[in-house]
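> predicted model, plus sequence, below.
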Amino acid sequence: MTNLNTPPESPPRRLEADSIGLSGAVAQSAALVGPAAGAIVGTIFVAGLAGPAASLAFLIGTAICLCIAKVIGDHARFFPSAGSFYTYLTQSFGPRTGFVGGLLLFGAYLLLLPFQLAFFGTFVSSLFKSGWGWDLPWQIPAALLVALSVGLAVAGVAYSLNAGLIGLGVEVAILAIFSLTILVQGGANGLSLEPFNPTASPKGFIGGVMLACVFTIFAFVGFESATTLGEEVREPRKIIPQAVMLTTLVIGFFFLLVSYTATIGFGATTAGAAELAADPAAFNTLALEFGGPWLSILINLALISSFVALNVVTVNAGSRMLYALGRDHMLPESLSALNSRNAPGAAACWIGGTGIAATLLFGGIWGPGDYANWSAFFATFFFIAAYTLLCIGILRYKRQQRGSKRPTGREMLSDVVPVIALAGLALVLYGNVHPLPPSPLRYFIWITVVLIIAASAVAVYLGRTQPERLRRAGQLLAGEEVT
């Protein structure tokens with residue numbers, strides 16, 4: 001008999017539906033790319049391989065990423081959810097692969113955090129040293145950054161996305177000013193189309209331009225993060241694909257503009273590209289030459305703004321993935337708790353706390369610079385594996401939906417897109433493993449393989465012993481309760 005004096009149990013809190021529009025979804029994805037950081041750091045690495053043809057490498061990388069964006073958009077139309085790739089792969093392959101894919105993407109986001117924190121701490125510390133002669137420990141700016149990101153995530157998604165949008169706007173505006181300042185003056189030797197010449201690379205088209213696409217594609221990492229907002233955006237089947245594609249197009253154009261400007265600034269020659277690649281502060285060098293100290297200061301502000309926005313949306317995206325995994329009982333259920341603002345506060349605190357703890361510990365042992373590079377390299381393999389599964393998954397899903405029917409010409413053309421994406425990912429993988437990198441980077445290759453095998457073994461075990469638990473992990477669909 002029901003006790004009438006016992007208040008009815010309140011329904012579990014849910015993420016706030018219809019609270020995010022297209023601009024918020026684009027802010028999430030674009031800020032997680034970190035366009036200023038990607039353009040500045042990426043251009044220097046790309047110039048080292050592609051030479052004067054750096055912009056061509058970015059153009060090809062943009063085309064490959066547009067194909068990946070189309071694949072992600074197709075999945076988002078079918079299965080919008082806060083589970084992101086976790087859900088998409090479950091629907092294409094089954095809960096076991098969904099489990100592995102979800103952990104891969106989560107692992108990649110988790111590895112991005114120490115990269116961001118260690119790099120940001122080192123960069124800000126060096127600014128204080130060179131500008132004012134102050135010895136600011138790198139741990140202080142790193143800790144302040146993660147505290148800001150977690151605080152915004154706990155306060156609510158609107159605060160995180162607005163902060164990401166502001167930071168994104170600042171970094172893009174500054175580099176736009178930087179580019180226009182140099183282009184108006186004609187760079188070192190005047191404007192030309194040499195940065196798009198496939199024969200301009202001293203290492204050839206394949207060994208130079210195409211291999212440089214490794215860095216151009218990595219510069220786009222994070223453009224898929226709008227998928228983690230699937231339960232909160234308005235019309236997710238429409239807005240998420242638009243956000244992912246729009247982010248890729250806009251950021252791709254931005255990368256082209258900045259890489260072209262930097263190449264022209266040093267001179268679209270083999271010697272100019274070599275000088276660009278050899279100068280770790282290449283953009284400050286250009287800013288001082290063509291604009292003066294004020295422009296150099298703005299470049300530093302753009303990098304700071306980029307990493308702040310990047311960290312804020314990384315915590316935002318990662319907390320939602322933890323929330324989804326906790327809600328489906330794949331991780332502790334406490335991670336699925338929502339606060340009074342309908343924000344996954346517990347998940348945000350967990351991911352932020354783990355990120356800064358790892359950064360302080362391992363950055364203190366091996367140095368923040370090396371630890372940042374290792375984390376980024378390690379994360380690349382997780383992204384490659386997740387993107388690859390996604391491309392194969394969309395081909396499999398479409399074939400399952402067609403059944404025995406012969407595909408139409410339009411359907412066959414649509415299938416070409418994930419194939420191109422797979423070819424691009426194979427290129428990125430090849431560029432990371434051949435030649436075999438020095439220690440300890442080469443160890444991360446084998447660690448990734450071991451982790452994938454271990455995750456697959458866990459998935460098989462759960463599938464045999466607790467199939468319902470594994471099945472629940474794949475039931476995240478737009479607007480549906482997980483049964």
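Noted; the coordinates are in hand.
> for S306, see how far away the spatially most central residue of the chain is.
Residue closest to the mean C-alpha point of the chain, counted by C-alpha atoms, centre = their mean, is G222 at 1.7 Å. According to C-beta to C-beta, to the nearest Å, G222 stands 12 Å off from S306. Heads up, the C-betas are built off the backbone N, CA and C, glycines and all.
> swap in T247?
15 Å.
> tell me how far stretch 322-334 is from the chain's mean position?
On the basis of C-alpha atoms, centre = their mean, to the nearest Å, stretch 322-334 sits 22 Å off its chain's mean C-alpha point.
> ends of that stretch, how far apart?
Distance between the two ends of stretch 322-334: 10 Å, counting by C-alpha to C-alpha, to the nearest Å.
> check which residues of that stretch are buried.
In terms of neighbour count (16 or more other C-beta atoms under 10 Å), stretch 322-334 has its buried residues at 322-331.
> show me the residues you listed that map onto helices.
322-327 (DSSP state H).
> related to what we said a few turns ago, quick check: phi and psi on the residue nearest to the centre of the chain?
The phi and psi torsions at G222 (degrees, to the nearest 10) take the values phi 110, psi -10.
> wait, it sits on A37?
No. G222 is not in contact with A37 according to C-beta atoms under 8 Å; the separation is 10.5 Å.
> for the residue nearest to the centre of the chain, what are its contacts?
29, 32-34, 112, 310, 313-314 (C-beta atoms under 8 Å, 6 or more residues apart in numbering).
> P437 - how many residues pack around it?
Close neighbours of P437, defined as other C-beta atoms under 10 Å, add up to 14.
> report the longest helix in this protein, please.
Max-length helix for the chain by DSSP H is helix 95-132.
> now do the buried residues in it.
Neighbour-count burial for helix 95-132, counted by 16+ other C-beta under 10 Å, picks out 95-125, 127-128.
> which residues touch the host helix or strand of N284?
Using DSSP states H and E, N284 sits in helix 282-290. The contact list for helix 282-290, computed with C-beta under 8 Å, 6+ apart, reads 40, 43-44, 178, 181-182, 185, 261-262, 265-266, 276, 279, 295-296, 298-300.
> filter those residues to the buried ones?
By 16+ other C-beta under 10 Å, those give 40, 43-44, 178, 181-182, 261-262, 265-266, 276, 295-296, 298-300 as buried.
> pick the one among those closest to I20.
I40 (29.0 Å; C-beta to C-beta).
> burial measure for P293, as a count.
Neighbour count for P293, taken as other C-beta under 10 Å: 10.
> and it, how close does it get to Y430?
42 Å.
> leaving out sequence neighbours, find the closest residue to D415.
In space, and not counting its chain neighbours, D415 is closest to L395: 6.2 Å by C-beta to C-beta, 6 or more residues apart in numbering.
> surely the one you found touches P418?
Yes. Between L395 and P418 there is a contact under C-beta under 8 Å: 5.4 Å.
> between the two, who's got more neighbours?
Taking neighbours as other C-beta under 10 Å, L395 and P418 compare with P418 leading, 23 against 17.
> the helix or strand harbouring the more buried one packs against which elements?
Assigned by DSSP H and E, P418 falls within helix 409-433. Judged by 3 or more C-beta pairs under 8 Å, 6 or more residues apart in numbering; DSSP states H and E, helix 409-433 is in contact with helix 54-78, helix 211-219, helix 368-402.
> in JSON lines, list those helices along with mean pLDDT.
What follows is those, written out as JSON lines (pLDDT from 0 to 100):
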{"stretch": "helix 54-78", "mean pLDDT": "89"}
{"stretch": "helix 211-219", "mean pLDDT": "85"}
{"stretch": "helix 368-402", "mean pLDDT": "89"}
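> which of these sits closest to A343?
Closest of the helices and strands packed on helix 409-433 to A343 is helix 54-78, at 22.1 Å (criterion: C-beta to C-beta).
> and the closest one, what's buried?
For helix 54-78, a neighbour-count test (16+ other C-beta under 10 Å) marks 54-76, 78 as buried.
> alpha carbons of the stretch of helix or strand F45 belongs to, as PDB, please.
Using DSSP H and E, F45 maps to helix 35-50. The C-alpha coordinates for helix 35-50 follow below in PDB (Å, rounded to 0.1, in the frame of the first residue of the first chain):
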ATOM      1  CA  PRO A  35      41.700  28.300 -35.000                       C
ATOM      2  CA  ALA A  36      44.400  30.700 -33.800                       C
ATOM      3  CA  ALA A  37      46.400  28.000 -32.200                       C
ATOM      4  CA  GLY A  38      45.900  25.700 -35.200                       C
ATOM      5  CA  ALA A  39      46.800  28.300 -37.700                       C
ATOM      6  CA  ILE A  40      49.900  29.600 -36.000                       C
ATOM      7  CA  VAL A  41      51.400  26.300 -34.900                       C
ATOM      8  CA  GLY A  42      50.100  24.400 -37.900                       C
ATOM      9  CA  THR A  43      51.400  26.800 -40.500                       C
ATOM     10  CA  ILE A  44      55.000  26.500 -39.100                       C
ATOM     11  CA  PHE A  45      54.900  22.700 -39.200                       C
ATOM     12  CA  VAL A  46      53.300  22.600 -42.600                       C
ATOM     13  CA  ALA A  47      55.800  25.000 -44.100                       C
ATOM     14  CA  GLY A  48      58.600  22.700 -43.000                       C
ATOM     15  CA  LEU A  49      57.200  19.900 -45.300                       C
ATOM     16  CA  ALA A  50      55.300  21.700 -48.000                       C
END
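> where in the stretch 201-350 of the chain is pLDDT low?
By pLDDT under 70, the weakly predicted segments of the stretch 201-350 of the chain are 228, 230, 330.
> and if you look at the stretch 1-150 of the chain?
1-16, 18, 80-84.
> in stretch 153-173, what's buried?
By 16+ other C-beta under 10 Å, the buried positions in stretch 153-173 come out as 153-157, 159-161, 163-168, 170-172.
> likewise for stretch 354-364?
Under 16+ other C-beta under 10 Å, the buried positions of stretch 354-364 are 354-356, 358-360, 362-363.
> now V233: phi and psi?
Per degrees, to the nearest 10, the backbone of V233 is at phi -80, psi 160.
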